[in-house]
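> give the three-dimensional model of this entry:
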Amino acid sequence: MEYVNIFIKSIFIDNMIFAYFLGMCSYLAVSKTVKTGVGLGAAVIFVLGITVPINYLLENYVLKEGALAWLDPEFADVDLSFLSFIMFIAVIASMVQLVEMAVEKYAPALYGALGIFLPLIAVNCSILGGSLFMQERQYANIAEATVFGLGSGVGWFLAIVAIAAIREKIRYSKVPAPLRGLGITFIITGLMGMAFMSFMGIEL
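Numbers count the residues shown, from 1 in each chain. This next block holds a predicted model:
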């Protein structure tokens, strides 16, 4: 039940886009069509689902104070937590490189459509945010951290696919000239954020 709680909460209540506005650059730039939105969203799910548990292991068995005690009792006082940012980013960059290589090989059309925003997943703040939230919330085990990572990815996926579908439809709407493009997208994102706030009333 706890895993379901974490999964649902990370998708709807703690949504990376609508609750924290993390990863907005990619969200706005790649959401012009549903196809590219689905491609980038799937890549984000994969990267979050892989990097959050890896960074959980790194945090609990290498970085935080006393984490190296499993090597030798002499290392019980070692605290490498000041390296968290750089180590988390190194793991994320490595995984993104693997995703980029896979997409380029198996889906070259999608690779061309995503353009520069595929390698930019490495500096997408929602990816680093997932690892930092995991660190802050002190999950009990790697399974909880993995469920949180996957849920956060699914939440980001839903957000970008939803806005992409809406943006495809509003091309045929009479949007006032000053609001066309990013203007109306920001307004719709704000309204969707307010809609997602209603999930905060759910008791899990």
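> for the helix or strand bottoming out on mean pLDDT in the chain, packing partners?
The helix or strand of the chain with the poorest confidence is helix 108-114; it has a mean of 79 (mean pLDDT, DSSP states H and E). For helix 108-114, the packing partners by 3 or more C-beta pairs under 8 Å, 6 or more residues apart in numbering; DSSP states H and E come out as helix 34-58, helix 84-106. Any C-beta I mention is one placed from the backbone N, CA and C, and that applies to glycine too.
> show me what the single longest helix found in the chain is packed against.
For the chain, the helix with the greatest residue count under DSSP state H is helix 142-170. Other elements packing on helix 142-170 under the criterion 3+ C-beta pairs under 8 Å, 6+ apart are helix 2-8, helix 24-29, helix 34-58, helix 125-137, helix 182-197.
> for those helices, give me CSV that also has distance to S152.
Formatted as CSV, the helices and strands packed on helix 142-170 follow (distance: least, C-beta to C-beta, whole Å):
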stretch, distance to S152
helix 2-8, 10
helix 24-29, 14
helix 34-58, 5
helix 125-137, 5
helix 182-197, 14
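> so what's L182 closest to, chain neighbours aside?
L28 (6.4 Å; C-beta to C-beta, 6 or more residues apart in numbering).
> look up phi and psi at the residue lying farthest from the centre of the chain.
Relative to the centre of the chain, the most outlying C-alpha is that of E74, 37.2 Å out, by C-alpha atoms, centre = their mean. E74 adopts backbone torsions of phi -70, psi -20, taken as degrees, to the nearest 10.
> neighbours of the residue nearest to L182, how many?
17 (other C-beta atoms under 10 Å).
> ditto for L40
Using other C-beta under 10 Å as the criterion, the residues surrounding L40 number 30.
> which residue sits closest to it in space, ignoring its chain neighbours?
Nearest to L40 is V30, by C-beta to C-beta, 6+ apart, at 4.9 Å.
> confirm for me that that neighbour is in contact with A43.
No - contact criterion C-beta atoms under 8 Å: V30 and A43 do not qualify, at 10.1 Å.
> need the overlap of contacts for the two.
Residues touching both V30 and A43 comprise L114, with contact defined as C-beta atoms under 8 Å, 6 or more residues apart in numbering.
> circling back to that earlier point, tell me how far the residue nearest to L182 lies from S173.
18 Å (C-beta to C-beta, to the nearest Å).
> now M1
43 Å.
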